[in-house]
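Colleague: Quick one: sequence and predicted model below, then my questions.
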Amino acid sequence: MNIQELEKLNELKEKGIITEEEFNTKKKEFLSAGITASKTTTSANRNIFNSYLDCIKKYAQFKGRSSRYEFWSFILVTVIINLVLSVLDAILGTVSLLYGLYSLAMFVPSLAVQARRLHDVNKSGWWMLFPYGVVIITSMMAAISHYTSGQSGVALLGLLLNLVAVGLIIYWLAQKGDEKDNKYGSPVK
C-alpha cells in the first residue's frame with residue numbers, strides 16, 4: 001500500500017463507505033509495512049561512511065553502546081580525512097590549519113564513540129582516561145627524579161607503563177561486545 005491508496009481509503013471513510021475501524025486497521029498495516037521497509041533499507045545501506053555519520057550525529061552522546069564496526073569505521077574515516085587534510089595543508093602552506101580544525105571538531109565525538117565502545121564490552125567510559133593518567137603521573141615522577149638525582153630511568157618506566165595502558169584500551173576496543181543487555185544498554189549490531 002502506498003500513500004495514494006491510504007488517501008483513497010481516507011476518502012472512503014469520510015464518505016461512509018468503510019468504517020473508522022476498517023480504516024484504522026488498514027492504516028496500521030500501512031504504517032507497520034513502512035517501518036519494516038525502512039529497517040531493511042537502513043541495514044542494507046550500512047557502510048563505513050554511514051557509521052561515521054552516525055557517530056557525528058551522536059556528537060556528545062556518552063551513554064549507550066557502539067559496535068566494533070561503528071567505532072572502527074569512525075576511526076578509519078577520521079584517519080583518512082586527517083591524511084587528506086594534512087596533504088592539503090602542505091599544498092596550501094597553512095601549517096596544519098585544516099588538520100588542526102578538523103581534529104578539534106572531532107575531539108568530542110572521538111571521546112563519545114570511545115566511551116560507547118567501552119560500554120559495549122561492559123567497561124566504564126572513564127577507562128579511556130587511564131593512559132593519560134599514566135602519562136601525567138610518570139611525567140611528574142620523571143621530572144622529580146631528574147631534578148633530585150639527575151637520572152631519568154623513571155621516564156623509561158613511564159613509557160612502558162603507558163604502552164601497557166594503551167594496549168589494554170585497544171584490546172578492549174577490539175573485543176566483541178556483550179551479546180546480552182548490560183548496565184549500559186541493549187546490544188548493538
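Modeller: Here it is on my side, so go on. Numbers count the residues shown, from 1 in each chain.

Colleague: right, and Lys63 touches Ser124 too?
Modeller: No: counting by Cβ atoms under 8 Å, Lys63 does not reach Ser124; the two are 11.9 Å apart. C-beta coordinates here come from the backbone N, C-alpha and C atoms, glycine included.

Colleague: wait, what's in contact with the residue most central in space within the chain?
Modeller: Computing the C-alpha centroid of the chain and ranking residues by Cα atoms, centre = their mean puts Val113 first, at 3.3 Å. Shown in contact with Val113 (Cβ atoms under 8 Å, 6 or more residues apart in numbering): Cys55, Lys58, Ser66, Glu70, Phe71, Phe74.

Colleague: What sits closest to it if chain neighbours are left out?
Modeller: Cys55 (4.7 Å; Cβ to Cβ, 6 or more residues apart in numbering).

Colleague: Quick one: neighbours of that neighbour, just the number.
Modeller: Cys55 has 23 neighbours, counted by other Cβ atoms under 10 Å.

Colleague: now Ser124
Modeller: With other Cβ under 10 Å as criterion, Ser124 counts 12.

Colleague: Skipping its backbone neighbours, what lies nearest it in space?
Modeller: Leu118 (6.7 Å).

Colleague: my guess is Ile169 contacts Pro131, does it?
Modeller: Yes: contact criterion Cβ under 8 Å: Ile169 and Pro131 qualify, at 6.3 Å.

Colleague: can you give me the offset of the helix or strand containing the residue nearest to Ser124 from its chain's centre?
Modeller: Using DSSP states H and E, Leu118 falls within helix 107-120. Distance of helix 107-120 from its chain centroid, counting by Cα atoms, centre = their mean, to the nearest Å, is 6 Å.

Colleague: So for the next helix or strand after it, mean pLDDT?
Modeller: Per DSSP H and E, the first helix or strand lying C-terminal to helix 107-120 is helix 130-149. The average pLDDT within helix 130-149 is 80.

Colleague: And helix 130-149, what's buried?
Modeller: Neighbour-count burial for helix 130-149, with 16 or more other Cβ atoms under 10 Å as criterion, is recorded at Pro131, Val134, Val135, Thr138, Ala142, Ser145.

Colleague: ok, now how distant is the fourth one from Tyr171?
Modeller: By that I understand Thr138. 20 Å (Cβ to Cβ, to the nearest Å).

Colleague: for the last one, same thing?
Modeller: Remark: distance between Ser145 and Tyr171 (Cβ to Cβ) = 30 Å.

Colleague: for this structure, what spans make up the helices?
Modeller: 3-15, 20-44, 48-57, 68-92, 97-105, 107-120, 130-149, 153-174 (DSSP state H).

Colleague: Now render those as JSON lines, adding distance to Tyr184.
Modeller: Converted to JSON lines, these look like this (distance: least, Cβ to Cβ, whole Å):
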{"stretch": "helix 3-15", "distance to Tyr184": "39"}
{"stretch": "helix 20-44", "distance to Tyr184": "22"}
{"stretch": "helix 48-57", "distance to Tyr184": "17"}
{"stretch": "helix 68-92", "distance to Tyr184": "14"}
{"stretch": "helix 97-105", "distance to Tyr184": "26"}
{"stretch": "helix 107-120", "distance to Tyr184": "4"}
{"stretch": "helix 130-149", "distance to Tyr184": "18"}
{"stretch": "helix 153-174", "distance to Tyr184": "13"}
